[in-house]
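In: coords please:
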Amino acid sequence: MGTYYLPRNVKGENRILFIFTTKSLIYTVASAGVGLLFYFIFSMLNMKIVGIIIVALFALIGFLIGTIKMPEMGKFEFSKKTGGENIDDIIKRAIKFKLKGKKVYVYKEEKNND
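Out: Residues are numbered from 1 along each chain as shown. Model prediction:
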């Protein structure tokens, strides 16, 4: 018997260090950078272990935002609309919505009886 490969969409899935995609690595490093600010604050207070834990926690949150997709659950209205989308795209859209004054424009097509 021959081996047959099933086609699948692998657009944007280049892996770095086996678990990181390019996008998740960027989010992880950026989040760890924010965590480093807390590390320096806690290191001045002689609490370096707490600072390291916070850096790791921020890096984990960044990795999850860059990697995980929103689950599709039928019980919640929010997940019906956003199910299957990347979490970072949802966050970006929410920030843009808040910055534009929470306005949504809907185009309604009128029927002409000509």
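In: which residues does the longest helix along the chain contact?
Out: Identified as the longest helix of the chain according to DSSP state H is helix 22-44. By Cβ atoms under 8 Å, 6 or more residues apart in numbering, the residues outside helix 22-44 that reach it are 12, 14, 16-17, 20, 48, 50-52, 54-59, 61-63, 65-67, 88. All C-beta atoms are positioned from the backbone trio N, CA, C, and that covers glycine.
In: what's the next secondary structure element after it?
Out: Sequence order places helix 48-67 as the next helix or strand after helix 22-44, per DSSP states H and E.
In: other SSEs contacting that next one?
Out: Judged by 3 or more Cβ pairs under 8 Å, 6 or more residues apart in numbering; DSSP states H and E, the packing partners of helix 48-67 are strand 20-21, helix 22-44, helix 87-99.
In: can you rerun that using 7 Å?
Out: Applying 3 or more Cβ pairs under 7 Å, 6 or more residues apart in numbering; DSSP states H and E, one finds that helix 48-67 makes contact with helix 22-44, helix 87-99.
In: can I get the CA coordinates of the last one in CSV?
Out: Meaning helix 87-99. Extracted C-alpha coordinates of helix 87-99, given in CSV (Å, rounded to 0.1, in the frame of the first residue of the first chain):
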residue,chain,number,x,y,z
ILE,A,87,-7.3,35.1,20.7
ASP,A,88,-4.9,37.8,19.6
ASP,A,89,-7.2,38.8,16.7
ILE,A,90,-10.2,39.0,19.1
ILE,A,91,-8.2,41.2,21.5
LYS,A,92,-7.1,43.5,18.6
ARG,A,93,-10.6,43.9,17.4
ALA,A,94,-11.9,44.7,20.9
ILE,A,95,-9.3,47.4,21.4
LYS,A,96,-10.1,48.9,18.0
PHE,A,97,-13.8,48.9,18.9
LYS,A,98,-13.2,50.7,22.2
LEU,A,99,-10.9,53.3,20.5
